[in-house]
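# coordinates only, no sequence provided:
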């Protein structure tokens, strides 16, 4: 049997998204929060306030997000001039404010593009990326580089905050680059995700954008970044699963925190190219049972015909103690002994209901009818 190659793995943490949103919404200075979880439509809802953003040129809404891959972020394509915007600013402050977002940069922009901009290029501020892929901030039209080049294809947590006349950038919970004191002008009439007011667009996926009418401290930034990352405690408490490119579940980690050494125990399934299950491994650790009486890596192997009908089955214990090839044995009922033929029972008479007779053999009544004629 050929096995399907897994090209895309999706891991879902059921607790991460709810925990992150609760952390953000608990901030008293929060003014606007765009989770960007919309699957359809032409706008991005503000979960905190009323600052709804309008999608420009149909960005892709079906991309796995930064916090929880079961929820979406927004993929923006600079070549298609895609963004989400409003014609008014979200914050009016020129001091004591913060902007925040998660970004997966797909390609360096053609100029200095905004991840999130409050105001305009002439008057306002933004978290931005320049043409070299460096993270920075726009104060009015001046780009302040952090000196850190973002890795494309990788999720990053980014924050711009200004407190008591000093501005700072943070990348993944740590300060990026030096602080600066240049003050922005009163923000102009614009809020944009994925572009500057001057029309320089971003290529990448943006998620979980927020604006605050107060500064964020280092501890708050670190708490937000940590809330969006899976920890060992989160992993142990959450049901996690991985699927192949056709959506078939291949691995499941149960929420018990079970582990052997550094490997979490999971259940594993393997399919052939037609989607038929060929093996199921309970308590999978490394694919090799620890011994005859061990409970790890218990493998049930199966074989099917071209119609998808089950033709052979090897129970876990049979595989564990002596090996078994499901393509050379009949179906068996697990737990009834090595290679016991699978015979269904009638619920009323308890008599065996065996498979139909071979095509070369007819029942007695049929043979008599043939003789009488």
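Yes, it's here. All of these numbers come straight from a predicted model, not from anything done at the bench.
# from here on, just use CA atoms for contacts and neighbour counts.
Fine.
# poorly predicted segments of this structure, please.
For the chain, applying pLDDT under 70 flags the ranges 1-18, 69-70, 230-241, 253-266, 283-296, 317-322, 329-373.
# recalculate using a threshold of 90.
Low-confidence segments of the chain (pLDDT under 90): 1-20, 22, 39-40, 62-72, 227-373.
# that one - how does it break down into domains?
Listed domain ranges for the chain are 14-227, 258-364 (source: automatic domain parsing).
# can you say which of the ones you listed is packed in most?
Among the domains of the chain, domain 14-227 has the highest mean neighbour count (mean count of other CA atoms under 10 Å), at a mean of 21.
# dump the domains of the chain into TSV; add distance to residue 243 as well.
As requested, the domains of the chain are exported to TSV (distance: least, CA to CA, whole Å):
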stretch	distance to residue 243
domain 14-227	12
domain 258-364	10
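# for residue 137, what are its contacts?
By CA atoms under 8 Å, 6 or more residues apart in numbering, the contact list for residue 137 reads 125, 126, 127, 128, 129, 143, 144, 145, 160, 169.
# try 10 Å this time
Shown in contact with residue 137 (CA atoms under 10 Å, 6 or more residues apart in numbering): 112-117, 125-130, 143-146, 159-161, 167-169.
# among the domains of the chain, which is nearest residue 242?
domain 258-364 (9.4 Å; CA to CA).
# I'd assumed residue 20 was in contact with residue 227.
Yes - here residue 227 reaches residue 20: they are 5.1 Å apart, a contact under CA atoms under 10 Å.
# overlap of the contact sets of the two?
By CA under 10 Å, 6+ apart, residue 227 and residue 20 have these common neighbours: residue 67.
# show me what contacts residue 307?
Contacts of residue 307 by CA under 10 Å, 6+ apart are 274, 276.
# that one and residue 82, how far apart?
Distance, residue 307 to residue 82, using CA to CA, to the nearest Å: 46 Å.
# the stretch 201-350 of the chain: helices as residue ranges?
Under the criterion DSSP state H, counting those that start in this stretch, the stretch 201-350 of the chain contains helices at 218-227, 232-237, 316-321.
# quick one: residues in contact with the first one.
This points to helix 218-227. So helix 218-227 is contacted by 16-24, 27, 67, 100, 102, 156-161, 168, 170-175, 216-217, 234 (CA under 10 Å, 6+ apart).
# which of the residues you listed fall within strands?
100, 102, 156-161, 168, 170-171, 174-175 (DSSP state E).
# so which of those is the closest to residue 71?
Of all the ones in strands among the contacts of helix 218-227, residue 102 has the smallest distance to residue 71: 13.6 Å, by CA to CA.
# A strand includes residue 135, no?
Yes - secondary structure of residue 135 (DSSP: H, G, I helix; E, B strand; the rest coil): part of a strand.
# phi, psi of the nearest residue to it once chain neighbours are set aside?
Leaving aside its sequence neighbours, residue 135 sits nearest to residue 129 (CA to CA, 6 or more residues apart in numbering; 4.7 Å). With angles defined as degrees, to the nearest 10, residue 129 sits at phi -130, psi 130.
# wait, isn't residue 129 in contact with residue 117?
No - applying CA under 10 Å as the test, residue 129 and residue 117 come out as separate, 11.6 Å apart.
# list residues touching both of those two?
Counting by CA under 10 Å, 6+ apart, the contacts common to residue 129 and residue 117 are 137, 138.
# show me what the residue nearest to residue 135 is bridged to.
Residue 129 has these beta-bridge partners by DSSP bridges: residue 113, residue 135.
# report the contact partners of it.
With contact taken as CA under 10 Å, 6+ apart, residue 129 is in contact with 105, 108-115, 135-138, 143-146, 149-150, 202.
# what of residue 81?
56, 57, 58, 59, 194, 195, 199, 200, 201, 202, 203.
# relative to residue 280, which of those residues is nearest.
Nearest to residue 280 among the contacts of residue 81, counting by CA to CA, is residue 59 at 39.5 Å.
# so the closest one touches residue 83, yeah?
Yes - the criterion here is CA under 10 Å, and residue 59 meets it with residue 83 at 6.8 Å.
# mutual contacts of these two, please.
Common neighbours of residue 59 and residue 83 (CA under 10 Å, 6+ apart) are 74, 75, 76, 77.
# any idea how far residue 206 is from the last one?
Note on residue 77: its distance to residue 206, by CA to CA, is 11 Å.
# surely residue 91 forms part of a helix?
No - counting by three-state DSSP, residue 91 falls outside a helix, being coil.
# got the phi and psi for it?
phi -120, psi 140.
# do I have it right that it meets residue 32?
Yes - look at residue 91 against residue 32 with CA under 10 Å: they come within range, at 9.0 Å.
# now do the shared contacts for these two.
99, 211, 212, 213.
# let's have these in a markdown table, adding distance to residue 247.
Converted to a markdown table, the shared contacts of residue 91 and residue 32 look like this (distance: CA to CA, whole Å):
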| residue | distance to residue 247 |
| --- | --- |
| 99 | 36 |
| 211 | 36 |
| 212 | 38 |
| 213 | 42 |
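# so who does residue 200 touch?
Residues counted as contacts of residue 200 (CA under 10 Å, 6+ apart) are 78, 81, 109, 110, 111, 112, 113, 114, 130, 194.
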